[in-house]
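[1] Below is the structure, and that's it, no one-letter string:
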């Protein structure tokens, strides 16, 4: 998040939610739908009662919805804020959730589904309230958005991929498959924890950026007959890859430093992160530091227990996740 968000600003909203019954929670995104409907009513009331408070809350919610990391915080803070509600109101809320076969975890999990929404859709409800649309029209738009993304989830679930059911990157994988950017294997697997090659990542990057594919034109001497030669040429022409002494090593497994360097070359940001926060900072190659700094600043890639692991190979799931975040930028 680019600025600190005050938990207290949303506390009043969540307190107001304590009297709503979370109906329809057994339906797909049911808790999310009722949660957002409740926010709509609270925001309309705030706009009528205290325009300055409404404006501040609107700004905070937009900051949450700007990035996937923000939505992570929205989910986490929602739960924390509920913990701050007085025991009587908290008990009432928990009882209502229990009566409707839901839990706080249901609400928290379904808030994370907002990551699958386009940025304009994330702001659509807030924009309608801000622009003076009536509450009925706003709730109807919410209904349409929920239905739209439920259909996408259902379509993605019909891909038949059988090895990502409980994988941490499942939603990112299904999203990228739905966009025709990533594919599984003929045997119905995706192999999310398998290592990914430099050629495979180059192809994914070209597809993610929707670059117009060009034919191979002697970019690297070791890809003349490679299945990915056109994708590699396209990435080369776009100055996303440079290779090693006129070779690309297409079938070598890509490292986190190499992957992040390719990603960093797509960014136009002036933001740069302080990489000394990583315990293995000195292991990040000099040629990669600028791109890694940009990618970390834009929250496209994170470390692991304060380590960046620059020389570790990237998995298919990790590659898909960082490219998903790139789309959301």
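    Noted; the coordinates are in hand. In this text, all values refer to a predicted model and were calculated from it rather than measured experimentally.
[2] Show me where this structure dips below the pLDDT cut-off.
    1-28, 30-31, 34-35, 38, 78-104, 152-160, 186 (pLDDT under 70).
[3] which helix of it spans the most residues?
    Longest helix in the chain, counting residues (DSSP state H): helix 135-157.
[4] quick one, domains of this protein?
    Domain assignment for the chain, taken from automatic domain parsing, gives 7-157, 170-328.
[5] Out of the ones you listed, which is closest to residue 163?
    When those are compared by CB to CB, domain 170-328 sits nearest residue 163, at 4.6 Å. Yep, even glycine has a C-beta here, placed from its N, CA and C like the rest.
[6] what packs against the longest helix of the chain?
    With contacts defined as 3 or more CB pairs under 8 Å, 6 or more residues apart in numbering; DSSP states H and E, the packing partners of helix 135-157 are helix 30-49, helix 119-130, helix 170-178.
[7] about what we covered before: could you export the domains of the chain to a markdown table, including columns for distance to residue 163 and mean neighbour count?
    As requested, those are exported to a markdown table (distance: least, CB to CB, whole Å; neighbours: other CB atoms under 10 Å):
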| stretch | distance to residue 163 | mean neighbour count |
| --- | --- | --- |
| domain 7-157 | 14 | 16 |
| domain 170-328 | 5 | 18 |
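[8] Spatially central residue for this protein, please.
    For the chain, residue 68 is the residue whose C-alpha lies nearest the centre (CA atoms, centre = their mean; 3.9 Å).
[9] How is the residue nearest to that residue when sequence neighbours are not counted assigned, secondary-structure-wise?
    Using CB to CB, 6 or more residues apart in numbering and skipping the chain neighbours, the partner closest in space to residue 68 is residue 115 (4.8 Å). At residue 115 the chain is in helix, as set by DSSP: H, G, I helix; E, B strand; the rest coil.
[10] Residue 115 against residue 170, yeah?
    No - the pair residue 115 / residue 170 is not scored as a contact, 12.0 Å apart, by CB atoms under 8 Å.
[11] OK, contacts around residue 241?
    202, 232, 235, 248, 262 (CB atoms under 8 Å, 6 or more residues apart in numbering).
[12] For residue 314, which residues are in contact?
    Contacts of residue 314 by CB under 8 Å, 6+ apart are 195-196, 201, 253-256, 259.
[13] Among those, name the ones in strands.
    Using DSSP state E, no member of those falls within strands.
[14] Distance check, the residue nearest to residue 68 against residue 36.
    According to CB to CB, to the nearest Å, residue 115 stands 15 Å off from residue 36.
[15] quick one, strands of this protein?
    For the chain, no strands are identified by DSSP E.
[16] Helices of that one, start to end?
    Assigned by DSSP H, the chain shows helices spanning 7-16, 30-49, 51-65, 68-84, 87-99, 104-112, 119-130, 135-157, 170-178, 198-209, 229-237, 256-264, 286-297, 316-328.
[17] Export those helices as JSON lines, with columns for distance to residue 217.
    As requested, the helices of the chain are exported to JSON lines (distance: least, CB to CB, whole Å):
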{"stretch": "helix 7-16", "distance to residue 217": "54"}
{"stretch": "helix 30-49", "distance to residue 217": "49"}
{"stretch": "helix 51-65", "distance to residue 217": "43"}
{"stretch": "helix 68-84", "distance to residue 217": "37"}
{"stretch": "helix 87-99", "distance to residue 217": "60"}
{"stretch": "helix 104-112", "distance to residue 217": "43"}
{"stretch": "helix 119-130", "distance to residue 217": "36"}
{"stretch": "helix 135-157", "distance to residue 217": "36"}
{"stretch": "helix 170-178", "distance to residue 217": "28"}
{"stretch": "helix 198-209", "distance to residue 217": "15"}
{"stretch": "helix 229-237", "distance to residue 217": "6"}
{"stretch": "helix 256-264", "distance to residue 217": "20"}
{"stretch": "helix 286-297", "distance to residue 217": "25"}
{"stretch": "helix 316-328", "distance to residue 217": "25"}
